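K.L.:
Next comes the sequence, and after it the predicted model I'd like to discuss.
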Amino acid sequence: MIFGIPITGQTITYFLLALIIMISGVMLMSLQKVMHMAVALGGVFLGVAGIFILLGADFLGMAQILIYAGAITILMVFALMLTQRGDDTESPPANGWRVGGALVFVVLLCAAFLYVLRGTAWPVTQSAVDPYTQPSVVLLAQSIFHTYTVPFELVSVLLTVALVGAVVIARKEEE
Amino acid sequence: MASLWGWHTSALTGISFLGMIIGAVIVLLLILGIVSYLIYFERKVIGWMQGRIGPNRVGPFGLLQSVADILKLLIKEDVIPTNADRALFLLAPVIAFVPSFMVLAVIPFTATHYFTAGLNVGVLYYIALSSITILGIVMGGWASNNKYSLLGGMRSAAQMISYEIPLGLSLLGVIMLSGSLNLNQIVAAQNYGHVWFIIPQIIGFVVFVISGIAELNRTPFDLPEAESELVAGYFTEYSGFRFAFFMLAEYVYVFAISALATTMFLGGWSGPFLPSWLWFAIKVSACIFFLFWVRATMPRIRGDQLMGFAWKVLIPVALFNILLTGAVYEIHL
Amino acid sequence: METQQDVVETPASGTAPSAPEGKAPATNSAPPTAERAPESAAPAVPAPDTTPPPAPAAKPAATAKPAAAAAKPAKPPAPPDPRVVAATATAEEIRASIAAHLGADAVEDASATKEIPILRIAREKWRQTVEFLKDRPEHAYNYVELFAGTDYKDYIEVVVYLYSTEHGSYIHVKTRTPREDASLPSLTPVFAGVNWEEREVYDLLGIHFEGHPDLRRIMMWEEWNGHPLRKDYSDFENVPSREGGQY
Amino acid sequence: MGALRQEEMILNVGPQHPSTHGVFRLVVTIDGEQIVEADSVVGYLHRGTEKLAEDLQYTQIIPYTDRLDYLASMINNYALVHTVEYAMDLEVPARAEYLRLIVMELNRIGSHLMFIGAYLLDLGAMSPFLYAFQEREMIVQMFNEICGARLTYNYMRVGGVKWDAPPGWLDKVRDFVPHMRERFKMLSDLVSGNEIFLNRVKGIGVITQEEALNYSLSGINLRSTGFNFDLRKNRPYNLYDQFDFDIPVGSNGDCFDRYYLHLREMEQSVRIVEQAVASIPDGPVLGKVPKLIRVPAGEYYTSIEGARGELGVYIVSDGKDKPYRMKLRRPSFVNLQILRKLLIGQSMSNLIAILGAVDIVLGEVDA
C-alpha cells in the first residue's frame, strides 16, 4: 500500500502504461521532427490501448491499436513522407519566461484535474466485467445490435452519406 | 504443472506468470528454429521447382545454411547511412519485428493450448498487431533517406493498409459461423460441427489467401521489395542484424499467416490418429508450401493493378461473402 | 575537295599510291565509271545478295591488291563492275532530281561503291537534301541504317545510309566539314533515330550539330578533353580531366 | 487544389541496378510514381572498340566483336567477317557458310532465351529465368565444343571458320532440335497466358510503325509494330535465301508483342538449324585467303540481322591491312533512343517492363 493504493499486478501495469503515455505525450510535444512526433503519437495510442485492455475492454483496446496505432499513424506518416523533407523548423530557444509560464500552467492544470476528480462521485458498476466469463465483444454486440440498433444504423447511414459526398466532391475537383 | 501452464484458463498468479515467461521464451526459440528452417525449406523447394539443387554445402544437405547466414548477418558491420534519420533508422526494425512474434501468442498450436493465450479477441489481436509492423516498414523506408527505400515504404504502406481490409473482412464469415473471436473456440467450433470452415467459407478462404499473400509482401504482391524496380525496397540501406530483423519478421509472418489460415479455415490442430501438434505442423507446412509454390510461379503484379484489385474485387467479394454467410446462417438455423 | 578531283582523274591503276595517307578513299573503286554511267545503265540490276558474288575477279578485286599482289596491276583496263555502273547511274538520276529542286550546287559528287549509289551533299544543304530524299515519294528514303563520321585529316566526312522501305532501295549520302570549328546541320529533326548517333559523332569526332536538341557527350564524360576518333588524337596530349582537375 | 506544390523526385535507376542488366543509368524524374522525364546515360562500358580497331589487323578485330553483344558473339563475328569478305569479294567454302549459319542461329536462340528469362525475372517471375538457362547451357556447351569458349567465341575468320565441327557435334545439334521444340511449348505455357503477366505487358510501351522507322529501330522492336523487315529475307546474306523459314511479325508494337516475337523467332531459328544440319556438305572450312588480309581501298557497309536488330559494320579502308576507320552500327544503341519517348507518362513499374522489352545489351550500346 503506497498512498492508499494497493500494489498489485494491475496497478503496476497501470502505472507503466501511464508512464508510457506521458513520456510519449511529452515527446510528441517536444520533438523537433514531424516524423518523430508521429511515431510518439503512435506510442500514446498504444498506451491508451493498454489502458483499455487493463479495464477489461479488450475489443476496444484492439480496435484502438488497429485503427489508431495502425491505420491513423501510418496515414499520418504516409502523408508526411509525401511532403518535403527538411522543413522541420527550429523551435525558438527556451527562455526563462516561457519555461516558467509552462510550469505554472501545468501546476494549475493538475490542480484543476485533481479537484474535479476528487469532487466527482464516480458510479461504480456492480458487475465487474470478467473477460473470461463474459466477453466484452458479446456485450458490445448486444448493445449495438439490440439496445441501440436504430441509432447505430442511423450513424452508419450518416457515414455512408459523408463518404459518398466526399467522393463526389473529390470527383468534381478532379474535373 | 497445471498451474505453470494454465494461464489461459486460471487467474494470474506468481507461478503462472513464471510459466508465462518460460512459455514465451520456448515459443520464441521454437519459432526462431522454425523460421531458419523455413528459409532453408523455401530455398530447397524453389530450387527443386526450378531444376536446381538448392543449398547443399553447409552441413549435411545444406541443413546449416540458414544458421550460417544468420550468423553472418549477426557479425556483419551495422551500417547506418550518414544522412539517415538515426533514431528512426535504429527503431524501425524493432517495431517491425516485435509484433511478428507477438501475434503468435494467440495461435493454438496444440489441443492442450500450452503456450496459447486464450484471448477473447484473438483474431482482432492478430490483425491489430500485424498492422504495427507496417509502421516499422514505413519508418524504415523513410528513415533510410534513400529514394528506393522511400518508394518501397510508401508502396508497402498503401498496399498493406489496402489489403488489411479484405483480410479482416474475409475472416468475418468464420467469426460469424463460430460466434467467437477466440482462436481456441474457432478451432473448437470446427470440431463440433465436424466441418472445416474452408468448406462453408470457401469464398472467404480465397480472399484470405490472396490478401494474406499481399500482407506478406510476397510474390506476386512483392512490390514494396520488388528487386527489379526498387532494388530491395524499404530495406535497401539495411545491413547486418537490422536487415536480419526485417528478414526474420517477414518469415515469422509467413509462419504466422499459415498458422492463422490453419486455425481459421483448416480445423487448426484437430485431426484423427496423429497427435494434435503434428496435425498442426502438417497443415501449416502445406500452407507454407503453397506460398513458396506461388512465389516460384507468378510474375509480379503492377502497383495500380494491385490497388485496383483490392478495392474493386477483393473487398466487394468479401462483403458479399459476409452477406451470404449471414443469409445462409439465418435460413439454416 | 581537291583530292577528290585528283582521284577521279587517275583511273584504277593509280588507286593505291593516290591514297597513301588515307585521303578520300571513298570513291576510289568507282571513279572510272562516273562519266560513262548513263549509257550503260540499262542492263544491270543491283543484286541484293552479295556475299557469294558470282564474279569474283571483277574490277574491285583488281583494286584490292595495291601493293602485295604483283600480278594484279597488269590488268587495269578490267571491265567495269556492272553493279557499280548501275549504281552510279542511279546516283546520277537522284542527283538530277535533287538539282532540279534544291539547286545544282546541292550535290557535289555522285558515284557508287559496289551496288550502292553515293551522293556527296554540300554542307549547307545537308538537312534540306536529306529531308528531300525522305519526303519525296519517288525517293522515300525513310529509314536510316548507318550514321558514321570519319576523320580524313583534311576534313571530316559524315555518312548516312538511307533505305527506302517503300522501294527497297539504298542510298549513301555524305557531306564534309572542315576540321576546325567542325559543324553540320543536325538531322535529328528529320530522323529522330540519329539523335544519339550525332551525339556520338560530336563526342568522338567533335562535329557540332546545329539544331540538335540535346547535344552532349554520350560516351565520354563532359569534362573529357579532345575527340578520340580524330586521327591526331593522342592519349598523352588529351589527358582526361575530371571536375576540372587533371589526373 | 492548384495551389498545392507538386514536387518531383529525381531517381537514378542504375548504373548499378538489378534491372539495367549492366552499367546503364537512367535518370528518371518522377512525380509520385509517374515518370515525367527520362534521360539515358550510357558510356560506362565504352571501350573504344572503333578506335582500337584502327590499330588492329582484321583478324585481330574479331575477338573485340565478341565483347559487343556478348549474348550473340557469333553473330557479331559474322558481321565483321562478312563486311571484309564483301569488300574483298571473297568466296567462302560452302561448309564454312553452313557452320556459320548453324552457330549463328543457335546463338540467336541462346540470346533470345536469355532475353525471355531476364525479362520475366524483371517482371518478378523467378523460375522462367532458370528454365531458360537450361537450354542456353546446352547451346553454350555446344559452342564450347566447337570453338573452345563459352561466351567469347572468336570462331569465325575472314573466308571461313577457324575449326570444323568436332566429330558427333552435328548429331548433337540434330538431337537438340526436337528437344528445343518441346521446350518452346513449356516456356510458352509457363507465362504466356498468365493473367498477371498479360496485364503488365499488353498495351504497354506501344511503338507505332512510323515512330519505329523514324527512330531507326530494327530487329524485333521494328517487327513488333507489324513492319516486316528482316535482313535475312530482305537482303539475304550467308545462305538464308536457301532455307525455308518465316519472319514472325507483331501487330500492336507493345511489350507483349516484343516478348512473344522472341519466342516465335526462336522457333524459326530451330527450323533453319534443322534444315542446315540436314544438308551440310563436306569440304574445307576456310577458303583461300591471303595471309595478310588487305581490304581494297574504299568504304564498305554491310549489315546482318543480329539478335537485337540490324548489326552493321562500316569499314573505310585505305588498302592497308588495318581499317582506316571502322564504325559499328549497334542495334541496341539505336533502339535504346526510343526509351525516353516510351517512358514519359508511364508509371515506375512500367519502366521495368518497357526497358526490359527494348532488349539491350550494354556491351553493344557502349561499344
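P.N.:
Okay, I see it. Residues are numbered from 1 along each chain as shown, chains lettered A, B, ... in the order given.
K.L.:
so D:Leu101, which of the three states?
P.N.:
Here D:Leu101 is recorded as helix under DSSP: H, G, I helix; E, B strand; the rest coil.
K.L.:
Pull the number of nearby residues for it.
P.N.:
Number of residues near D:Leu101 (other C-beta atoms under 10 Å in any protein chain shown) recorded here: 24. C-beta: built from backbone N, CA, C; applies to glycine.
K.L.:
Any figure for the gap between it and D:Pro236?
P.N.:
Separation of D:Leu101 from D:Pro236 (C-beta to C-beta, to the nearest Å): 11 Å.
K.L.:
Equivalent analysis for C:Ser234, please.
P.N.:
Taking C-beta to C-beta, one finds C:Ser234 at 43 Å from D:Pro236.
K.L.:
What confidence value was assigned to D:Pro103?
P.N.:
Wrong residue type there; residue D:103 is Val, not Pro. pLDDT recorded at D:Val103 is 91.
K.L.:
so where do the strands sit in the stretch 201-333 of chain B?
P.N.:
Taking DSSP state E, counting those that start in this stretch, the stretch 201-333 of chain B contains no strands at all.
K.L.:
make that the stretch 201-350 of chain D, sorry
P.N.:
Going by DSSP E, counting those that start in this stretch, the stretch 201-350 of chain D shows strands at D:298-305, D:310-317, D:325-329.
K.L.:
could those strands go into CSV alongside mean neighbour count and distance to chain B?
P.N.:
Shown next, in CSV, are the strands of the stretch 201-350 of chain D (neighbours: other C-beta atoms under 10 Å in any protein chain shown; distance: least, C-beta to the nearest C-beta, whole Å):
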stretch, mean neighbour count, distance to chain B
strand D:298-305, 24, 29
strand D:310-317, 26, 27
strand D:325-329, 25, 29
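K.L.:
more crowded one of C:Ser234 and D:Pro236?
P.N.:
D:Pro236 (19 against 10).
K.L.:
Need phi/psi at the more buried one.
P.N.:
phi -60, psi 140 (degrees, to the nearest 10).
K.L.:
Ok, D:Pro296 next?
P.N.:
phi -60, psi 150.
K.L.:
Isn't it up against D:Asp318?
P.N.:
No. Checked against C-beta atoms under 8 Å, the pair D:Pro296 and D:Asp318 is beyond contact range at 9.8 Å.
K.L.:
And D:Pro290, what's its pLDDT?
P.N.:
84.
K.L.:
Closest residue of the stretch 51-200 of chain B to chain C?
P.N.:
Shortest the stretch 51-200 of chain B-to-chain C distance, computed as C-beta to the nearest C-beta: residue-wise this is B:Thr82, at 21.0 Å.
K.L.:
does that residue count as helix, strand or coil?
P.N.:
Per three-state DSSP, B:Thr82 ends up coil.
K.L.:
again with C:Tyr141
P.N.:
The local conformation at C:Tyr141, judged by three-state DSSP, is coil.
K.L.:
Next, count neighbours for B:Tyr148.
P.N.:
So B:Tyr148, with other C-beta under 10 Å, has 24 neighbours.
K.L.:
correction: C:Ser186
P.N.:
Counted with other C-beta under 10 Å, C:Ser186 comes out at 22.
K.L.:
can you give me the helices in the stretch 1-150 of chain D?
P.N.:
Per DSSP state H, counting those that start in this stretch, the stretch 1-150 of chain D carries helices over the ranges D:49-53, D:58-66, D:73-88, D:94-122, D:127-147.
K.L.:
Can you tell me which of these is packed in deepest?
P.N.:
Among the helices of the stretch 1-150 of chain D, the stretch with the highest mean neighbour count (mean count of other C-beta atoms under 10 Å in any protein chain shown) is helix D:73-88, at a mean of 27.
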